[in-house]
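**Q** here you go, sequence then predicted model.
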Amino acid sequence: MGIGIGLLGLGTVGGGVAEIIQEASGRHPLVQALSLKRVAVRDPSRPRSVAVPAGVLTTSPEQVVDDPGVEIVVELIGGLEPARTLILRAIAAGKSVVTANKAVIARHGEEIAAAAAEAGVYVLIEAAVGGGIPIIEPLKQSLGGNRIRRVSGIINGTTNYILTRMAGEGAGYAEVLAQAQELGYAEADPAADVDGHDAADKIAILAGLAFGGPVDRLAIPTEGISRLDGRDVGYARRLGYAVKLLATAQALEEAEDDPQGARPLDIQVHPTLVPLDHPLAGVNGVNNAILVEGDPIGQVMFYGPGAGAGPTASAVVADILNIAGIRQVQSEGRSLDPLLAAGSWRRCVLADPSRSRHRNYVRLKTRDEPGVIGTIGRCFGDRGVSIQSIVQLEAQGAAAEIVVITHEVSEARFQEAMAAIRSHGAIDAVAACLRTL
Ligand code: HSE
């Protein structure tokens, strides 16, 4: 039985969602309550990495939405139509919807939210912004006690990948874009990414949540990176800045003479020089990060993979589980939402610390005489501990300091080697012993 899930689309993200639902072991038990009922695809004969049960595939998205066994419709088609119509159809049928579609939410979010409120269903959109990064739920719930002042971020992975490579290698925009397309990072038609429209969709959604009202997506001043000259990326770096495609939304003071009392927001997407010590400057490659500034929290940053099958599927399933948890309370008579209650669902024990594996940093005070480094090497090597680097940094008189960084090794082996080192006559003291990531 279970909670019937209908997928519209079985591409990279849809395949990732189907895989999580069908391989529930090791995940929250609520995943086991989900059941993949119907999946709409354009071409059922296309080979796929994920196997779905016979009879589940259809070429008709309407069949998925209308199937009485489907309780939650997951829209992963993208684009404006037919996505908008299908979402509204699902809502009208009393079904909650999960979507990763930032374009449709940024442009038709108000209409969709009104229809959902009328029908008493949820439309959840965690996957629409920031791929796998939880940012929608924090803005709606975890940061609910704050007055948000500003939301800014790197919310397009493709452009961030291109900018990172331009900065790192001094490469030109067109050259890096061509390589990004070859590697499958950028779409064949990269316009939505490189011209900033994808980031504008996403900041419109974030601003709507952060400041409590929908914004006019099409009025957002938007500039992408397609006219960016690599020379400016290079000059910026020499002056102490990284160039990032930043999407920002900031609340301005309300105008005293505004009869509507509407909140004025400054929302923009622009290539921006970010000081190298700013938290957003170190966000590289296809990663995304969103910095939220509010009162009283101050600054909080959300960072992680902004695109890709696994991360985006993780966000989609989070939304499905939220709806499934609420449904268990509403229809199955449970007194608590299983996610919110966070009850334990399996036994966990602390493992013996000697099984822990990590790299190590050791600073030794030794005699400065022939063979000491060889002795240290043997103490480690004889016990199967591999040394990554060893340096003698200072020697004062007959004493020396030797610093060792090991490769990853079990704590048990490392301690055996350290016992041998401590007992050796040439070693005066273990002055420091730290873990290394
Ligand atoms: N095309 C988007 C990006 C991923 O490059 O970040 C999906 O939102």
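**A** Noted; the coordinates are in hand. Numbers count the residues shown, from 1 in each chain.
**Q** from here on, contacts and neighbour counts on C-alpha atoms
**A** Will do.
**Q** got the contact list for the closest residue in space to Ile205 that isn't next to it in sequence?
**A** Counting by Cα to Cα, 6 or more residues apart in numbering, Ala106 is the residue found nearest to Ile205 once chain neighbours are left out, at 5.6 Å. The contact partners of Ala106, taken as Cα atoms under 8 Å, 6 or more residues apart in numbering, are 201-202, 204-205, 217.
**Q** go with 7 Å
**A** 201, 204-205, 217 (Cα atoms under 7 Å, 6 or more residues apart in numbering).
**Q** got it, and Arg231?
**A** Counting by Cα under 7 Å, 6+ apart, Arg231 has no contacts.
**Q** mind pulling up the pLDDT for it?
**A** Looking at Arg231, its pLDDT stands at 92.
**Q** just confirm it is within a strand.
**A** No - counting by DSSP: H, G, I helix; E, B strand; the rest coil, Arg231 is not part of a strand but helix.
**Q** returning to that earlier point: now for the contacts of Ala106, which pair is the farthest apart?
**A** Ile205 and Arg217 (8.6 Å; Cα to Cα).
**Q** neighbour-wise, which of these two wins?
**A** It is Ile205, of Ile205 and Arg217, that has more neighbours when counted by other Cα atoms under 10 Å, with 25 against 21.
**Q** that's a strand at that one, yeah?
**A** No - counting by three-state DSSP, Ile205 falls outside a strand, being helix.
**Q** list the residues that contact the residue nearest to Ile155 when sequence neighbours are not counted.
**A** Among residues not flanking Ile155 along the chain, Asn288 sits closest, at 5.2 Å (Cα to Cα, 6+ apart). By Cα under 7 Å, 6+ apart, Asn288 lies in contact with 130, 154-157, 303-306.
**Q** which among these gets closest to Tyr235?
**A** Nearest member of the contacts of Asn288 to Tyr235, counting by Cα to Cα, is Ile154, at 20.8 Å.
**Q** list phi and psi for the closest one.
**A** phi -100, psi 100 (degrees, to the nearest 10).
**Q** residues in contact with it?
**A** Counted by Cα under 7 Å, 6+ apart, Ile154 has contacts 245-247, 288-290.
**Q** what residues does the protein have near the ligand?
**A** Proximity of the chain to the ligand is confined to 156-158, 193, 306-307 under the rule Cα under 6 Å from any ligand atom.
**Q** which other helices and strands does the lowest-mean-pLDDT helix or strand in the chain contact?
**A** Least confident helix or strand, the chain: helix 173-182 with a mean of 85, by mean pLDDT, DSSP states H and E. Contacts defined by 3 or more Cα pairs under 7 Å, 6 or more residues apart in numbering; DSSP states H and E place helix 173-182 against helix 157-169.
**Q** circling back: okay, the contacts of Asn288 in a markdown table with pLDDT next?
**A** Shown next, in a markdown table, are these (pLDDT from 0 to 100):
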| residue | pLDDT |
| --- | --- |
| Gly130 | 96 |
| Ile154 | 98 |
| Ile155 | 98 |
| Asn156 | 95 |
| Gly157 | 93 |
| Tyr303 | 98 |
| Gly304 | 97 |
| Pro305 | 94 |
| Gly306 | 91 |
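**Q** where do the strands sit along the stretch 101-250 of the chain?
**A** 123-124, 147-154, 241-251 (DSSP state E, counting those that start in this stretch).
**Q** what pairs with the first one, and is each one parallel or antiparallel?
**A** Meaning strand 123-124. strand 96-99 (parallel) (DSSP bridges).
**Q** roughly how far is the strand it pairs with from the heart of the chain?
**A** Using Cα atoms, centre = their mean, to the nearest Å, the mean C-alpha position of strand 96-99 is found 19 Å from that of the whole chain.
**Q** ok, residues contacting it?
**A** Applying Cα under 7 Å, 6+ apart, the external contacts of strand 96-99 come out as 71-76, 87, 121-125, 127-128, 316, 319-320.
**Q** dump the residue contacts of Ile5.
**A** 34-38, 70-73.
**Q** inside strands: which ones of these?
**A** 34-38, 72-73 (DSSP state E).
**Q** turn these into CSV, columns for neighbour count and pLDDT.
**A** Below are the ones in strands among the contacts of Ile5 laid out as CSV (neighbours: other Cα atoms under 10 Å; pLDDT from 0 to 100):
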residue, neighbour count, pLDDT
Leu34, 22, 97
Ser35, 19, 96
Leu36, 21, 97
Lys37, 24, 97
Arg38, 26, 97
Ile72, 28, 98
Val73, 27, 98
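**Q** closest one of those residues to Arg378?
**A** Using Cα to Cα, Leu34 is the member of those that sits closest to Arg378, with 55.7 Å.
**Q** how far away is that closest one from the ligand?
**A** 25 Å (Cα to the nearest ligand atom, to the nearest Å).
**Q** can you name the residue of the stretch 301-437 of the chain nearest the ligand?
**A** Taking Cα to the nearest ligand atom, the ligand has its nearest neighbour within the stretch 301-437 of the chain at Ala307, 4.6 Å off.
**Q** my guess is that residue meets Ala128, correct?
**A** No - Ala307 sits out of contact with Ala128 when judged by Cα atoms under 7 Å, with a separation of 9.8 Å.
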